[in-house]
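S.K.: Here's a sequence, model it:
(one chain, ligands or ions: 2)
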Amino acid sequence: MPKIAVLPGDGIGQEIIPQAVRVLKAVLAETDAEFEFQDYPIGGAAIELVGKALPDETLQGCREADAVLLGAVGGHQWDHLPASERPETAALLGLRKGLNFYANIRPVRMIPSLLATSTLKENVLDGVDMVVIRELTGGVYFGEKGRSDNPRSAYDKMTYSEEEIRRILIQGFETAMLRSKKLCSVDKANVLETSRLWREIANELAKEYPEVELTHMYVDNAAMQLVRNPKQFDVIVTENMFGDILTDLASMLGGSIGMLSSASLSGTQGMYEPAHGSAPDIAGKNLANPLATILSAALMLRYSFGMEAEALRIESAVEKVLEQGYRTGDLAQAGDKVVGTIEMGDAVLAAL
Ligand code: NAI
Ligand code: MG
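M.R.: Ligands and ions are numbered 1, 2, ... in the order given. Below you'll find the predicted structure:
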């Protein structure tokens with residue numbers, strides 16, 4: 001029986017994950033497939049419970065699972081801890097690295113019924129449909145870091161090996177082959193040596209994918225172009241930190257950070273989580289948008305279990321509730337009727 005490890009984590013993670021699990025169970029109940037769901041603590045919640053952000057039992061449970069569903073981790077109460085103990089570093093980066101989830105896939109799509117609620121102009125956004133592929137287990141987030149006194153200083157080292165670059169670029173080329181065959185590789189090759197190696201390898205690989213039109217763009221320009229004319233992009237591939245920042249920006253091209261889902265793949269396993277964090281400012285108030293997590297659950301069915309029809313059912317249900325006018329606060333304009341996290345989950349279940 002396929003196993004799903006469920007890791008709600010902190011803040012709104014505790015509210016959005018139950019909605020995604022309800023939706024998954026409802027869809028799976030109508031198939032012959034039987035799945036086992038097992039909850040594990042992670043992040044600050046795990047620190048409170050067992051004194052460790054990534055308990056061994058959680059890591060082991062994820063290793064043994066076929067797929068992992070994660071909410072979010074972190075909160076200001078744990079900000080003072082050293083990096084080796086903090087939820088974001090010890091738990092989230094630890095899990096990504098520990099299970100080798102190197103390929104993070106973030107689909108950015110403007111759902112037509114959200115056009116009017118966007119903070120950007122409709123003609124810029126109408127038809128936005130792209131995928132950002134972010135390298136997830138290398139770069140500066142995982143480099144050696146440290147501090148010195150006298151003079152007071154700190155450093156974070158950025159390193160990429162050929163193998164790390166090659167495998168994420170291959171993911172980019174393969175994704176482009178399945179879509180419009182346009183791949184934009186985003187780097188900072190005018191300044192960073194890691195980016196120069198990145199660009200070299202991209203150009204080498206391009207010879208193996210003659211059908212793909214490869215372009216290169218500097219990350220600062222990419223940030224501007226994403227807002228100026230997002231429809232020029234189809235597949236973007238980039239390193240860890242650039243992808244982190246660009247996808248928060250790109251989330252607004254899909255209406256809200258509360259809409260941006262993600263799949264993180266290792267080649268043998270997948271982890272699925274919304275792109276946003278634990279949103280302490282709205283946590284515990286039934287205000288969070290659960291749709292990014294529900295859409296991440298759809299990605300799980302697609303990528304980990306090959307259940308394309310069921311993934312599409314969830315995605316259609318989400319589009320339907322948005323057409324019906326259901327809006328959490330992050331998607332609402334003046335005059336919209338705002339629903340809570342649970343009511344949004346109810347609406348998706350009803351639409352299914
Ligand atoms: P955040 O993504 O949690 O929140 C940014 C803003 O977006 C906030 O105003 C929040 O209310 C809003 N927001 C986020 N998700 C939402 C949703 N589903 N529905 C409605 N509004 C939503 O980023 P922030 O505030 O920078 O970080 C908060 C904590 O989360 C920090 O501890 C941070 O380290 C952690 N974090 C964890 C991540 C993860 O677990 N994958 C990713 C990003 C941040
Ligand atoms: Mg982020």
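S.K.: okay, CA-based contacts and neighbour counts for the rest of this
M.R.: Fine.
S.K.: Sketch out the strands for the stretch 1-150 of the chain, chain order is fine.
M.R.: Counting by DSSP state E, counting those that start in this stretch, the stretch 1-150 of the chain has strands at residues 3-9, 36-39, 67-72, 103-109, 129-135, 145-148.
S.K.: highest average neighbour count across those strands?
M.R.: Ranked by mean neighbour count, those are led by strand 67-72 with a mean of 27 (mean count of other C-alpha atoms under 10 Å).
S.K.: Surely residue 231 forms part of a strand?
M.R.: No. Going by DSSP: H, G, I helix; E, B strand; the rest coil, the assignment for residue 231 is helix, not a strand.
S.K.: So it is in contact with residue 123, correct?
M.R.: No. Contact between residue 231 and residue 123 fails when scored by C-alpha atoms under 8 Å: they sit 10.2 Å apart.
S.K.: Show me this structure divided up by domain.
M.R.: Taking automatic domain parsing as the reference, the chain has its domains at 1-99+279-352, 120-254.
S.K.: how about the helices of the stretch 101-250 of the chain, start to end?
M.R.: Along the stretch 101-250 of the chain, counting by DSSP state H, counting those that start in this stretch, helices occupy 122-125, 162-178, 193-206, 219-228, 240-251.
S.K.: what does the fourth one contact?
M.R.: Counting contacts by C-alpha atoms under 8 Å, 6 or more residues apart in numbering, the residues outside helix 219-228 that touch it are 124, 186-188, 233, 242, 246, 249-250, 253.
S.K.: one more time with 6 Å, if that's ok
M.R.: 186-188 (C-alpha atoms under 6 Å, 6 or more residues apart in numbering).
S.K.: would you turn those residues into TSV with pLDDT?
M.R.: Formatted as TSV, the contacts of helix 219-228 follow (pLDDT from 0 to 100):
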residue	pLDDT
186	98
187	98
188	98
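S.K.: which of those are buried?
M.R.: Buried subset of these (neighbour count, 16 or more other C-alpha atoms under 10 Å): 186-188.
S.K.: Could you dump the residues you listed into TSV with distance to ligand 1 added?
M.R.: Output for the buried ones among the contacts of helix 219-228, formatted as TSV (distance: C-alpha to the nearest ligand atom, whole Å):
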residue	distance to ligand 1
186	21
187	22
188	23
